[in-house]
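**Q** Got a sequence here, can you build the structure:
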Amino acid sequence: MFTGIALSFIITGFILMLPAHDVRNTPGGRYAAAPGPGAFEDVRIRAAPVCCFVGYVMMIPIILYAPKERRE
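**A** Presented below is the predicted three-dimensional model:
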């Protein structure tokens with residue numbers, strides 16, 4: 001159950017990092033020189049990495065913990 005919660009934090013963080021559309025592809029097939037207008041929003045810069053970090057930190061004790069009946 002806790003693994004699912006941690007994975008949901010990680011997946012949510014990566015979804016929040018996604019751009020609204022592909023800002024690099026231009027109609028001529030060239031790459032844009034600068035990122036699009038939504039590339040530096042607070043959600044993408046601050047909230048999404050924190051969400052991923054919390055998920056990864058939650059995952060560490062979940063992986064390391066072994067229940068008593070499995071400790072032989």
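
**Q** And G55, how far from E41?
**A** Distance of G55 to E41, computed by CB to CB, to the nearest Å: 20 Å. Heads up, the C-betas are built off the backbone N, CA and C, glycines and all.

**Q** Comparing the two, which shows the higher neighbour count?
**A** Set G55 next to E41 and count neighbours by other CB atoms under 10 Å: G55 wins out with 19 against 14.

**Q** residues touching the more buried one, list them.
**A** 6-13 (CB atoms under 8 Å, 6 or more residues apart in numbering).

**Q** Next up, the contacts around V57.
**A** Counted by CB under 8 Å, 6+ apart, V57 has zero contacts.

**Q** Which element, helix or strand, includes it?
**A** Element membership for V57, per DSSP states H and E: helix 48-64.

**Q** Quick check: mean pLDDT of that helix?
**A** Average pLDDT, helix 48-64: 94.

**Q** Enumerate the positions of that helix that are buried.
**A** 48, 51-52, 55, 58-59 (16 or more other CB atoms under 10 Å).

**Q** Restrict that helix to CA atoms and write it as PDB.
**A** The C-alpha trace of helix 48-64 is given here as PDB (Å, rounded to 0.1, in the frame of the first residue of the first chain):
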ATOM      1  CA  ALA A  48       7.000  18.900  -9.300                       C
ATOM      2  CA  PRO A  49      10.600  18.200  -8.200                       C
ATOM      3  CA  VAL A  50       9.500  18.400  -4.500                       C
ATOM      4  CA  CYS A  51       6.700  15.900  -5.200                       C
ATOM      5  CA  CYS A  52       9.200  13.500  -6.900                       C
ATOM      6  CA  PHE A  53      11.700  13.900  -4.100                       C
ATOM      7  CA  VAL A  54       9.000  13.100  -1.500                       C
ATOM      8  CA  GLY A  55       8.100  10.000  -3.400                       C
ATOM      9  CA  TYR A  56      11.700   8.800  -3.600                       C
ATOM     10  CA  VAL A  57      12.400   9.500   0.000                       C
ATOM     11  CA  MET A  58       9.200   7.600   1.000                       C
ATOM     12  CA  MET A  59      10.400   4.700  -1.200                       C
ATOM     13  CA  ILE A  60      13.700   4.200   0.600                       C
ATOM     14  CA  PRO A  61      12.400   2.900   3.900                       C
ATOM     15  CA  ILE A  62       9.700   0.900   2.100                       C
ATOM     16  CA  ILE A  63      12.400  -1.000   0.200                       C
ATOM     17  CA  LEU A  64      14.700  -1.500   3.200                       C
END
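
**Q** Many thanks, I have nothing further to ask.
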